[in-house]
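A.B. asks: below is the structure, and that's it, no one-letter string:
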């Protein structure tokens, strides 16, 4: 809607539009003190504003910081994030170190990377929420150097009496869920992702949240201890209507254990399970649903099993296996010999391999598979800019691969020898120089290609140059940074374990 059309609306409607639908960032950028007295007056009269700074341009952000104090007691919803705008949270907390000043704040999206923040600043800001009437809170910790300190703050946040909706996302963080046993929370909607959580920890969540209506939790990265077949004294969840559970790895949790829990959820209407193969018994689920969940209206059952089908060699699909290894993810590795391929070709989406099967979908194309898996296991780059840098490295390697393919495809020995000499004398040095430049430009002074942490670009480089080094073992000698990159990849414990045990193939 143009400004002229907006100006034709009565003040009451304009005020409603501003309060409910317009991002405060856009509002200040377009109207605040821009010689339009009517809109200036309307903005001042509005009692409810929301500011979404996610992906906000730096100039607009600083403009808003100048004007925000005038509206601080009107802001009901606030979103700040480091994900695609590095430094934003730090800058915001430099202006406003406490949320206590936001008296009307009801919703906060706080997505931060504590590698770039002083934890004391983050802790002070989060603890200040006790002085607000916050109702909806989303915290995403994209890096958790202070994970032990974070978990104490999380427990305190459960104690906020006004908090109704809580979303908590992190990377390999942990919480002492047993600390919730003595906490009384009013939370009704809870989402937990990326936090170490055992199945039996659900009990502590249930005990502390008697009003819980919605629970979505990942049960991840846990080696489950022995678990009694029938858990005693399960807390009744008389208000829980939606339950979403994600079992990332195999566990001793059985249908009988689930039945005991479901029997304590009398009004459950929506159930979603992502599980390993042992919990995918169709008949067992049918019986369980009929006997334990009579009010259930929606049920979704998905598998967490990854299945990779490819030829019995390293090839381009090997980078996906390296990503699985780095992510610590189990998968089904199906390898076909050349003489078996025709029996399976018709089942492949494009009649070729590799193919990744996940959640009932078959995904072709090696780079698409690798990119998808890298995102699944946080190896694609920590924000959009890093992902762009990773893609730039991968595409540079791909340029080199396209120069090598004609060498392998050539059938005439003399011509192949000529092409090989040209590749190693002209193409390889040029592309190695390009890769060396990218590593130094994007690597932040470290040994990895992007951000001084492992990404699938490092794995892609490692895998392809295993072939190149098999032909010319000295080709990286004049590029010590690239050589060290491969050595650093090999030092990663999960990668080292995989390389030691993987099948030996000629290519």
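C.D. replies: Good, I have the coordinates. These numbers come from a predicted model, not from an experiment. Residues are numbered from 1 along each chain as shown.
A.B. asks: buried residues in the helix or strand containing residue 439?
C.D. replies: In this structure, residue 439 sits in helix 428-442 according to DSSP states H and E. Buried positions in helix 428-442, judged by neighbour count with 16 or more other C-beta atoms under 10 Å: 428, 431-432, 434-436, 438-439, 442. C-betas here are computed from N, CA, C, even on glycine.
A.B. asks: what does whatever helix or strand comes next after it contact?
C.D. replies: Following helix 428-442 in sequence order, the next helix or strand is helix 456-471 (DSSP H and E). Identification of contacts with helix 456-471 by C-beta atoms under 8 Å, 6 or more residues apart in numbering yields 314, 318-319, 322-323, 326, 370-371, 373-374, 379-380, 389-390, 393-394, 397, 400-401, 404, 420, 424, 428, 435, 448-450, 475-476, 482, 485-486, 488-490, 495, 507.
A.B. asks: check stretch 474-484 too.
C.D. replies: Counting by C-beta under 8 Å, 6+ apart, 424, 428, 432, 435-436, 439-440, 447, 461, 465, 468-469, 486 sit against stretch 474-484.
A.B. asks: possible to save those residues as JSON lines with distance to residue 259 and pLDDT?
C.D. replies: Shown next, in JSON lines, are the contacts of stretch 474-484 (distance: C-beta to C-beta, whole Å; pLDDT from 0 to 100):
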{"residue": "424", "distance to residue 259": "64", "pLDDT": "88"}
{"residue": "428", "distance to residue 259": "61", "pLDDT": "90"}
{"residue": "432", "distance to residue 259": "60", "pLDDT": "93"}
{"residue": "435", "distance to residue 259": "55", "pLDDT": "95"}
{"residue": "436", "distance to residue 259": "59", "pLDDT": "94"}
{"residue": "439", "distance to residue 259": "54", "pLDDT": "95"}
{"residue": "440", "distance to residue 259": "58", "pLDDT": "94"}
{"residue": "447", "distance to residue 259": "51", "pLDDT": "93"}
{"residue": "461", "distance to residue 259": "49", "pLDDT": "94"}
{"residue": "465", "distance to residue 259": "52", "pLDDT": "90"}
{"residue": "468", "distance to residue 259": "56", "pLDDT": "87"}
{"residue": "469", "distance to residue 259": "55", "pLDDT": "87"}
{"residue": "486", "distance to residue 259": "51", "pLDDT": "93"}
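A.B. asks: how about those residues in CSV, adding distance to residue 63?
C.D. replies: Below are the contacts of stretch 474-484 laid out as CSV (distance: C-beta to C-beta, whole Å):
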residue, distance to residue 63
424, 55
428, 49
432, 45
435, 40
436, 40
439, 37
440, 35
447, 40
461, 42
465, 48
468, 51
469, 53
486, 46
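A.B. asks: quickly check the residues you listed for the two that are furthest apart.
C.D. replies: Farthest pair in the contacts of stretch 474-484 (C-beta to C-beta) is 424 and 447. Separation: 25.0 Å.
A.B. asks: and the residue nearest to residue 440 when sequence neighbours are not counted, what's its pLDDT?
C.D. replies: Excluding its sequence neighbours, the residue lying closest to residue 440 (C-beta to C-beta, 6 or more residues apart in numbering) is residue 481, at 6.6 Å. You'll see residue 481 listed with a pLDDT of 94.
A.B. asks: swap in residue 142?
C.D. replies: 75.
A.B. asks: for residue 170, see how far away the residue lying closest to it once chain neighbours are set aside is.
C.D. replies: Closest residue in space to residue 142, ignoring its immediate chain neighbours: residue 113 at 4.4 Å, by C-beta to C-beta, 6+ apart. According to C-beta to C-beta, to the nearest Å, residue 113 stands 11 Å off from residue 170.
A.B. asks: and for these two, which residues touch both?
C.D. replies: Shared contacts of residue 113 and residue 170, counting by C-beta under 8 Å, 6+ apart, come down to residue 141.
A.B. asks: the biggest helix by length in the chain vs helix 428-442, what angle?
C.D. replies: Taking DSSP state H as the criterion, the chain has its longest helix at helix 384-409. Here helix 384-409 runs at an angle of 170 degrees relative to helix 428-442 (axes from the mean of the first three to the mean of the last three C-alpha atoms, to 10 degrees).
A.B. asks: which of the contacts of helix 456-471 count as buried?
C.D. replies: 314, 318-319, 322-323, 326, 370-371, 373-374, 379-380, 389-390, 393-394, 397, 400, 404, 420, 424, 428, 435, 448-450, 475-476, 482, 485-486, 488-489, 495.
A.B. asks: okay, buried residues for stretch 265-272 please.
C.D. replies: For stretch 265-272, the neighbour count (16+ other C-beta under 10 Å) marks 265, 268, 271 as buried.
A.B. asks: ok, so of those, who is nearest residue 154?
C.D. replies: Within the buried residues of stretch 265-272, the smallest distance to residue 154 is 24.3 Å, found for residue 265 (C-beta to C-beta).
A.B. asks: show me where pLDDT drops low in the stretch 401-507 of the chain?
C.D. replies: Scanning the stretch 401-507 of the chain for pLDDT under 70 picks out 505-507.
A.B. asks: tell me how this protein divides into domains.
C.D. replies: Listed domain ranges for the chain are 1-134, 172-224+232-304, 306-501 (source: the TED database).
A.B. asks: quick check: mean pLDDT across the second one?
C.D. replies: Mean pLDDT, domain 172-224+232-304: 85.
A.B. asks: try stretch 150-162
C.D. replies: The model assigns stretch 150-162 a mean pLDDT of 91.
A.B. asks: that one: how far from the chain's middle?
C.D. replies: Centroid separation between stretch 150-162 and its chain, computed with C-alpha atoms, centre = their mean, to the nearest Å, is 23 Å.
A.B. asks: contacting residues for residue 127?
C.D. replies: 153, 156.
A.B. asks: switch the cut-off to 10 Å
C.D. replies: 98-100, 153, 156-157 (C-beta atoms under 10 Å, 6 or more residues apart in numbering).
A.B. asks: can you pick the most crowded of the residues you listed?
C.D. replies: Neighbour counts for the contacts of residue 127 (other C-beta atoms under 10 Å) peak at residue 99, which has 23 neighbours.
A.B. asks: in stretch 84-99, what counts as buried?
C.D. replies: Applying 16+ other C-beta under 10 Å to stretch 84-99 flags 84-86, 88-90, 92-93, 96, 99 as buried.
A.B. asks: now, those that are in strands?
C.D. replies: Among these, no member falls in strands (DSSP state E).
A.B. asks: closest to residue 76 among those residues?
C.D. replies: Out of these, the member with the shortest distance to residue 76 (by C-beta to C-beta) is residue 99, at 12.4 Å.
A.B. asks: check contacts around that closest one.
C.D. replies: Contacts of residue 99 (C-beta under 10 Å, 6+ apart): 75, 78, 93, 105, 108, 110, 124-132, 134.
A.B. asks: name the nearest residue to residue 206, ignoring sequence neighbours.
C.D. replies: Using C-beta to C-beta, 6+ apart and skipping residues adjacent in sequence, the residue nearest residue 206 is residue 235, 4.1 Å away.
A.B. asks: residues touching residue 453, list them.
C.D. replies: Contacts of residue 453 (C-beta under 10 Å, 6+ apart): 115, 143, 378-379, 381-382, 386, 443-444, 446.
A.B. asks: where along the stretch 151-300 of the chain do the strands fall?
C.D. replies: 165-174, 189-196, 214-219, 242-247, 270-275, 298-303 (DSSP state E, counting those that start in this stretch).
A.B. asks: what helices and strands are in contact with the last one?
C.D. replies: When contacts are defined as 3 or more C-beta pairs under 10 Å, 6 or more residues apart in numbering; DSSP states H and E, strand 298-303 sits against strand 242-247, strand 270-275, helix 282-292, strand 355-358.
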